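*Asks:* structure, please.
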Amino acid sequence: MPPAEKLTRHRKIGAYRVLGELGRGGMAVVYRGLHEMLQREVAIKELLPAGQRDKETLSRFRREALALAAFRHQNIVTLYDLVEKNDTLFMVMELVDGPTLHTLIREGPLPPDVTGVIAARIASALDHAHFRHIIHRDLKPANVMLTKAGEVKLMDFGIAKDVGLEALTQQGMAVGTPSYMSPEQVTGAPLDGRTDIFSLGVLLYEALSGARPFQGKTAGEVFAKIRDGKYTPLAKAAPHVPAPLARIIQRAMEVKPEERFPDAAAMRRELDVFLAQEVQVSHAALLVAFLRHRNRLTETEAQQLMRPQELDAASVVFDTPRSSSNGKLKWVLAAAAAVVTAAGTGLYLSQSQWAPLFEQLTR
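*Replies:* Predicted structure coming up:
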């Protein structure tokens, strides 16, 4: 049975009926719940007893709730409620029905166009958070999820820092996951939004190459490589990545903050320019087609989410051999866009009409 079917020690939390357990870590457990009046499924996060006794963990839990409550963005998981029951706090959040980026990377590197779409969505979420003076500080693939509808969700602001408030930990103490930390986090230097930009660059490098740029036998070795900027260039680790996208990631991963993008909005704009050249179909359709290609949703689910013409146009991209030049791929995408455009104007083409064109272009 899936994890959601496990028995739990709660039957009801506030207005929410507990349906089962989704997963747990060392300090917290997440349940699947249902708001019975609204018939809306949710995710409910509870600190385990060990976490409730630890002051820092409890502080992080409250900090995450405050951070999420400040956001109104389509690429950040939504906080619905904060419920107290028997002196225990529960965060009631949007239920994300797809895989984490970490899971997808474990199955194999992501295509550049898919990675670019995900990157632009994360950058947009970071821009929203940074505008509200909140730094994530723990950006990594496990904290990014894709919904079955082709949306990208940034989550887990448990160690987020509001730059207007007192730091969560003592100055000079590294906070975050070692492989994705910025040089400022490693050295204990002051942090601003550019630390998240560095972590996003590391995340994208891994998504495209399948390997983390900074690795070592100990955390100390990893920290030293991050501090010195020693890693295999993406052009060597993943030669198939288009040069414009590789340059964006290289700039995001510069050791000196002033040499990175000045803010997440600037990085998003560069990603949008790249996507305008590389992706000629709906970004949501591209992600839905990718999830179907990875067997993360069924054919029926995909057809319920997207128009058949648009989904077919996006799906053909993943059935086409990808070369480093991407020349042939661009023609395929252009043809796919033509199919979608025709559908949008009422000129519906049958598969027998457009399939030969795609076959000819992909030979």
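
*Asks:* what's the burial count for Val273?
*Replies:* 12 (other C-beta atoms under 10 Å). To be clear about C-beta, it is placed using only N, CA and C from the backbone, and glycine gets the same treatment.

*Asks:* repeat for Tyr16
*Replies:* The number of residues near Tyr16, taken as other C-beta under 10 Å, comes to 24.

*Asks:* so what's it bridging to?
*Replies:* Taking DSSP bridges, one obtains Ile13, His35 as the residues bridged to Tyr16.

*Asks:* distance check, it against Arg63.
*Replies:* Applying C-beta to C-beta, to the nearest Å, the value for Tyr16 to Arg63 is 23 Å.

*Asks:* next: Ala314.
*Replies:* For Ala314, the distance to Arg63 - C-beta to C-beta - is 39 Å.

*Asks:* so for these two, which sits in the more crowded spot?
*Replies:* Taking other C-beta under 10 Å, Ala314 and Arg63 do not tie; Ala314 has more neighbours (32 against 19).

*Asks:* mind giving me the packing neighbours of the helix or strand hosting that one?
*Replies:* Using DSSP states H and E, Ala314 falls within helix 308-315. Counting contacts by 3 or more C-beta pairs under 8 Å, 6 or more residues apart in numbering; DSSP states H and E, helix 308-315 is packed against helix 283-293, helix 299-305, helix 327-344.

*Asks:* which stretch in those has the least confidence?
*Replies:* The minimum mean pLDDT among the helices and strands packed on helix 308-315 belongs to helix 327-344 (a mean of 48).

*Asks:* correct me, but Ala237 touches Ala211?
*Replies:* Yes. Using C-beta atoms under 8 Å, Ala237 is in contact with Ala211, at 6.6 Å.

*Asks:* who's more crowded, these two?
*Replies:* Neighbour count, other C-beta under 10 Å: between Ala237 and Ala211, Ala237 has more, with 18 against 14.

*Asks:* just the pLDDT at the spatially closest residue to that one that is not a sequence neighbour, thanks.
*Replies:* Of all residues not flanking Ala237 in the chain, Ser209 sits nearest, at 4.1 Å (C-beta to C-beta, 6 or more residues apart in numbering). We have a pLDDT of 97 for Ser209.

*Asks:* ditto for Arg62
*Replies:* pLDDT for Arg62: 84.

*Asks:* not counting sequence-adjacent ones, nearest residue to the residue most central in space within the chain?
*Replies:* A centroid search over the chain (C-alpha atoms, centre = their mean) returns Val144, at 3.0 Å, as the residue closest to the centre. Closest residue to Val144 apart from its sequence neighbours, by C-beta to C-beta, 6+ apart: Leu101 at 4.1 Å.

*Asks:* tally of neighbours for the one you found?
*Replies:* Residues contacting Leu101 under the criterion other C-beta under 10 Å number 24.

*Asks:* how about Ala252?
*Replies:* For Ala252, using other C-beta under 10 Å, the count is 25.

*Asks:* how close does it get to Ile197?
*Replies:* According to C-beta to C-beta, Ala252 and Ile197 sit 5 Å apart.

*Asks:* one more: Phe274?
*Replies:* Distance check for Phe274 against Ile197: by C-beta to C-beta, it reads 16 Å.

*Asks:* contact partners for Arg212?
*Replies:* Each residue near Arg212 by C-beta atoms under 8 Å, 6 or more residues apart in numbering is listed here: Ser179, Tyr180, Val202, Tyr205, Glu206.

*Asks:* I meant Ser209, not that one.
*Replies:* Ser209 sits next to Pro109, Leu234, Ala237, Ala238 when contact means C-beta under 8 Å, 6+ apart.

*Asks:* state the pair within these that is farthest apart.
*Replies:* Of all pairs drawn from these, the one with the longest distance (C-beta to C-beta) is Pro109 and Leu234, at 11.3 Å.

*Asks:* need the overlap of contacts for those two.
*Replies:* Common neighbours of Pro109 and Leu234 (criterion: C-beta under 8 Å, 6+ apart): Leu208, Ser209.

*Asks:* so which of the two has more stuff around it?
*Replies:* Neighbours were counted for Pro109 and for Leu234 using other C-beta under 10 Å; Leu234 has more, 22 against 19.
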